[in-house]
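> can't give you the sequence, but here's the structure:
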């Protein structure tokens, strides 16, 4: 029964919804975590390659790994945003947090369907299920107008993207005569309409994974929306975007993309460079994380060059590594803002003295994001760069490496605040237990992934 | 091979003993007990002297005076293997020249050690003085016994370094510090020439090994003197690239000129008088300054092969000879006079080497002979001057006078040395200078005349300081209460005075050559030589014996020329100007500025540009939804164009 | 009379859908009122629905996927409108206006 | 777990132990590190002995071999997909570098004996840094090489940023960014090698014949990438600022060892894999290195701050290393490797002494100091010995290295014109005079003459640990200077393969 994980997630969402009505402040986070964990376990148990509903719902190796990525990101996001969901006294507490949680679980479910779908219809529906509720989550801070404005911008960009996507689907449907993705790949004829569909799809998906020309919404939404959503966006929704790109680039337009290495290289460079350059100048930590995640999208794009399975494996590995590093940083951001309420980078002065463990975890994660060896970020980037090098794009490797040097500049900027500048943090930062556990666990994984090869080999076996 | 006696087999002791005593005195005895340090150091040098004399005796017993004097290398060990036969070995080479030098160095050094026990009494840096003096003797001996040119360069630099420490012994005195710095940097500059000379020479010689004609020499190394002086190698080198060989030899001569303070590089020797007088006696009279002459002497067959190199040596030597003698006449500080006199005697040695050639070696023999005799009487002069200064507490000859009765022993020994240097017959100076003039007469008449004129000048300025300091009445109260120095200072004076007479009769011809040299010196030469010497003495007597009226009138007659000469032709000022004004201001400062403002600034600029571009790109984030979605569609257009451009 | 105007082929329907789509796009960029923009989004979605149906009818005659797709498009459009309205209410309650150009508190 | 892995990861283990010891036993930190690094020094000696045993048997074979022969090898597969292995081993050159690093870290820990400000983290970061350096010298898998290379660069930022002096953030940031930009070039180079050569194993790649046009662009990439760390001319500007604001032990380690990674990398990776590329680019980098040498020494003449003075002098001496390598001549390359060792010790001595003097006089400004010899004779004499070693006085290791480079430079290589090579070497030789000028001027101003500032009257001479630090370093300088054949024999075997490949 390969749809088991999705069902478990839906059931947990409903139980949280129902229980919240009847029982006074139940520990909904624990229920959600339990649900997600059991879903994760169930996936590992499931046999890869099975299919259901007459081929409509499949569990291909890519689907398998993407589902693990989604569940992992949901698991960590929810546990690090324990403060905003459960702790009433914290400065970033969300009203009606159980609904927030339910919607998040449903989004995850949408993403899992997205990956397993084989036809355009189910793809479109699950994609919308994974996008539209995010607009609602963005507007969760009722009191602040920033949150509503962010949601507005997110809504309109999302709507535009999904309509473009829809138009592209119609062209694909029209020209290939079928809704089924694999049949479509066979019937591909590179007619102008299909090329135009390819571009529109790239635009639509570019919005979701914040490719450069379509990234403008990201900064405002990250800043305006509650941090819990920002972390979720930076990880899960980006992974979903990558998933859709993988479906189309690897399964629907493989031979077209093989000839478009230059095209991909230029987009990747644009994404990386702009993300890094603008991040240099950011003052607000969440806006800063937005641009940092935009530049990460640039590195991921390098994995698509040449459309070979090694590229896909390195993209998957990089996503997993990216989840852990990014969420450690967001965890620290939430911990700091939940006790001090401040979001400016300069507010992190002297964190290494007020809370050394937090500072150390943040430092490791930042180094991993900037691609410094023994940490896992370096490994992820190294494999992505080797894909580009294999295609002969050595200039791209240099540009990417220089970009990660520029990124090192602003990551070190934060470390400078924490370690070098004098501490004026009056109140010491106290971190609630679950957050502390998740952070230390993730930091260990961030370091371990860099050294132990098992995870990479595991993914490799699948392909 | 006949077996070597005791001395020759462990000749390496001559290097080991000074090294051990340097370490022991320096690290262990020095800080604890000053007195013992002095004695220990002096005894170790005496042992070395004994070794040197023993070795010479043994060498002569193996190869008697008349017979062939081969070059033997009793001990050598691999030191620095660059390449297959480009390896520098550390060893001891024994041949008449090196034995002669070994004897001179150990004798003078032991005398100076003995003298400084008394002279340095009470000085806070007493043990430090003896440590560095031992180091100096070690490096000088190492230089002299070097079987290859690289080992010579190694000890050459160590000699320079120890002279740096000794000149700068009174390190609290600013002038001493400046003098030591100047000495080291000028000699270092000359060593650059020396090193470049070695590099070119060894490069050329190394390539000979590849030719099969030299297969039989493959046991040698490109650095060894035996190889470089080997006749086949010499003509191979001169035929291959004569100009390059001459260039290398001139470079080597620059190194020698620096160390022996020849004309352009002489500025450091007068300032080196800042060091204690025993140092000046040992280093700046007898041993170190002679290293340059020894270098040219050691590579004499090679120098002989290129005319140009020999001419350079001759004329630089001759010019320095005259130049220094003229300046010596005008100096007032007794040690400066002696310094310039050393300069001019070195000029003598150089010109006599230049004048000689492999065919008739008279010049080569005369220069080494003069080297020996000069070492003894010049050391004596310096030590004598030291005891005068010790008594009168001032260097200025115009404040001395009438010391004849107050310092009897110093007076007699000083007089004997002055006569010797003036070249008056019974004393050693006459014999060696006569040989040089004979060699010069045969090859280069102009140089002969210069030599003659300088002989007169030498006699004049030497007797000038003799009359001013010892005769007439005491011109200052210091001179009035002058007392004779202690016994430990007088013994060396007496010993050296005996030597400066005896050394004249040294059978140098038979010592160096197997067959006797054909003598065609005209009979009138000795008379003319000693005559010019006596003329000089007479002039000095007239000028300075009683009243110095004549001297003043002559000085005013010369007028401004006199002051120019007194200031050493302002050459020091020229050097200071070149170094400070030109090198520091126009090269070092701009480079430091460029580094700070251009190279560094470009790095900062790139960082600034990235930051600026970040700010520019940030402006696109206007926050207005229309711009976002407009950018969205523009992006689509860009993709399309890209697809057109790249894709198809 | 109707026969004179022969049956409009696929291209005409596609023409219609593209025209509709570009009108929606135009509205999307010029409208200052949020609800106006929402309307133009609806227009675009329906244009896509039309193209789906026309493709299904003319090009892909075998099955009814195109029409089923339109069902879903309508449902999704509705969802979008609902969420859009909720957000507009929240904005309106705070700023008493829905003028999109004035809403750039989040910038730089 | 061979001896090499122990040597590489011992400092890391020490760092962890220091981090775990509670704050209450703060005084223990220094002792743990001192004993640990001392043990490390002993283990390095054991390793050298083991190396000698196995190397002695094929000393002659090395002369003609085309490929580096490794000893004490440890090889485990790490990432099967990219056949990346944990492949470490050692040849003559690496042993010399291991000895250098081990000495420098031991003396570095001793030199930072009286550091109060957050010593725990300082020592931990220092030991992590040195782990990276050890790793680089033994790893023969390009991926592992790059990982250790970057680990060596990173703690630099915090070490200078937190414990430095003067404008520390600026120079720490500049240093880290320039070195990382350099390593960006390296990453591109390594990946290009991997795509072309098919594996990361340096020895296997040695057998692969790389096409010419690829060599033409990858060689300069690698050379410049490593050159940035080796203070190659236009990219050297991070070193004066970096060293001026770094604390003593950090600048000892950095100038002493890290800057040698540059030269080592050029030889081990760039010249080993791309002989034709090296020939093609030989002249350009030779000219750059000559500028480096002359430029560095002239710039040092006008410096007023002791640390800038030493930093510029080490820029000039590192220029010698690159010069030696760029001549592509056996003797000069051997000289370059010896110069890496000797300059490492020399700068270690210099920076430790500057730290000690600064600890006493609280100023590094040369003009304001004077006559210190009377007050601290031990430090004065050691400074002079260091100075004489840096200007290449024989019987000190500086001369051994420089004479090799000059002789090698003069012999040149068959591909460049004899005249230009000899002219450039003459220019480089000229720098020994300029070095003499600035060394003596600087030291005379600081140590000789009368005591200028009355406060200096009551300064104390070297303490026991300081005597130990200077003693060890000076002993090494003299040992290599007086018995160079030992060091040459250790290195020579590993240099032949590089030259035979040209």
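Structure received. Please read all numbers here as calculations on a predicted model, not as lab measurements. Residues are numbered from 1 along each chain as shown, chains lettered A, B, ... in the order given.
> what's the pLDDT at residue 90?
No chain in the question, so chain A it is. Here, the pLDDT recorded for residue A:90 equals 81.
> not quite, I wanted chain D
Reading off the model, residue D:90 has pLDDT 90.
> which residues sit in contact with it?
By CB atoms under 8 Å, 6 or more residues apart in numbering or on different chains, the contact set of residue D:90 is D:4, D:47, D:51, D:70-72, D:98, D:137-138. To be clear about C-beta, it is placed using only N, CA and C from the backbone, and glycine gets the same treatment.
> which ones among these are found in strands?
Under the assignment DSSP state E, the contacts of residue D:90 contribute D:71-72 to strands.
> wait, does the helix or strand harbouring residue A:395 make contact with chain B?
For residue A:395, the host element (DSSP states H and E) is helix A:394-415. Yes. Legend: contact between helix A:394-415 and chain B by CB under 8 Å from any CB of the partner chain is shown at A:406, A:409.
> what about that helix, near chain D?
Yes. Judged by CB under 8 Å from any CB, helix A:394-415 and chain D are in contact via A:394, A:397-398, A:401-402, A:404-405, A:408-409, A:412, A:415.
> From the contact counts, what lies against the next helix-or-strand element following that helix?
Following helix A:394-415 in sequence order, the next helix or strand is helix A:433-451 (DSSP H and E). If you count contacts as 3 or more CB pairs under 8 Å, 6 or more residues apart in numbering or on different chains; DSSP states H and E, helix A:433-451 packs onto helix A:61-80, helix A:82-86, helix A:309-340, helix A:356-369, helix A:376-390.
> neighbouring contacts of the very next helix or strand once past helix A:433-451?
As assigned by DSSP H and E, the chain's next helix or strand after helix A:433-451 is helix A:454-462. Residues outside helix A:454-462 that contact it (CB under 8 Å, 6+ apart) are A:48, A:61, A:64-65, A:313, A:316-317, A:320, A:379, A:383, A:449, D:79-81.
> Which other helices and strands does the helix or strand of chain A with the lowest mean pLDDT contact?
None of the helices or strands of chain A scores lower by mean pLDDT, DSSP states H and E than strand A:51-52, at a mean of 77. Secondary-structure packing of strand A:51-52 (3+ CB pairs under 8 Å, 6+ apart): strand A:57-58.
> make it 6 Å
On a contact count with 3 or more CB pairs under 6 Å, 6 or more residues apart in numbering or on different chains; DSSP states H and E, strand A:51-52 meets no helix or strand.
> Direction included, what does it pair up with?
With DSSP bridges as the test, strand A:51-52 is paired with strand A:57-58 (antiparallel).
> What's the mean pLDDT across the strand it pairs with?
For strand A:57-58, mean pLDDT rounds to 85.
> who touches it?
When contacts are defined by CB atoms under 6 Å, 6 or more residues apart in numbering or on different chains, strand A:57-58 is touched by residues A:51, A:116, A:118.
> Specify which member of those residues is nearest to residue D:166.
Nearest to residue D:166 among these is residue A:116, at 60.1 Å by CB to CB.
> sorry, back to before: now do the helix holding residue A:395 and helix A:309-340, the angle between them.
Here helix A:394-415 runs at an angle of 20 degrees relative to helix A:309-340 (axes from the mean of the first three to the mean of the last three CA atoms, to 10 degrees).
> hmm, back to that, show me the two of the residues of helix A:394-415 next to chain D that sit farthest apart.
Among the residues of helix A:394-415 next to chain D, A:394 and A:415 lie farthest apart (CB to CB), at 30.6 Å.
> Spell out, range by range, the helices that occur in the stretch 301-450 of chain B.
Taking DSSP state H, counting those that start in this stretch to define them, one finds helices in the stretch 301-450 of chain B at B:307-330, B:334-355, B:362-392, B:403-406, B:408-422, B:428-443, B:445-470.
> so what secondary structure elements neighbour the second one?
The one in question is helix B:334-355. Applying 3+ CB pairs under 6 Å, 6+ apart, we find helix B:334-355 packed against helix B:268-271, helix B:307-330, helix B:362-392, helix B:428-443, helix B:445-470.
> Indicate which one of these is closest to chain A.
Set against chain A and scored by CB to the nearest CB, the helices and strands packed on helix B:334-355 come closest in helix B:268-271, at 51.0 Å.
> what's the residue closest to the geometric middle of chain A?
For chain A, the residue nearest the mean C-alpha position is residue A:235 (2.0 Å; CA atoms, centre = their mean).
> which one is that one nearest to, not counting chain neighbours?
Leaving aside its chain neighbours, residue A:235 sits nearest to residue A:73 (4.1 Å; criterion: CB to CB, 6 or more residues apart in numbering or on different chains).
> Now do the one you found, the pLDDT please.
Reported pLDDT for residue A:73: 94.
> Surely it is in contact with residue A:326?
No. The pair residue A:73 and residue A:326 does not pass the contact test of CB atoms under 6 Å, sitting 8.9 Å apart.
> Overlap of the contact sets of these two?
Shared contacts of residue A:73 and residue A:326, defined by CB under 6 Å, 6+ apart, are found at residue A:235.
> Burial check on residue 41, number of neighbours?
Let's take chain A. By other CB atoms under 10 Å in any protein chain shown, 13 other residues sit near residue A:41.
> try again with chain D
By other CB under 10 Å, the residues close to residue D:41 number 16.
> ok, now how distant is it from chain B?
23 Å (CB to the nearest CB, to the nearest Å).
> can you list the residues of chain D near chain B?
Counting by CB under 6 Å from any CB of the partner chain, the residues of chain D close to chain B are D:237, D:295, D:298-299, D:301-302, D:331, D:373, D:393-394, D:406-407, D:410, D:426, D:433, D:436-437, D:440, D:444, D:448-450, D:484-485, D:488.
> Nothing else from me, thank you.
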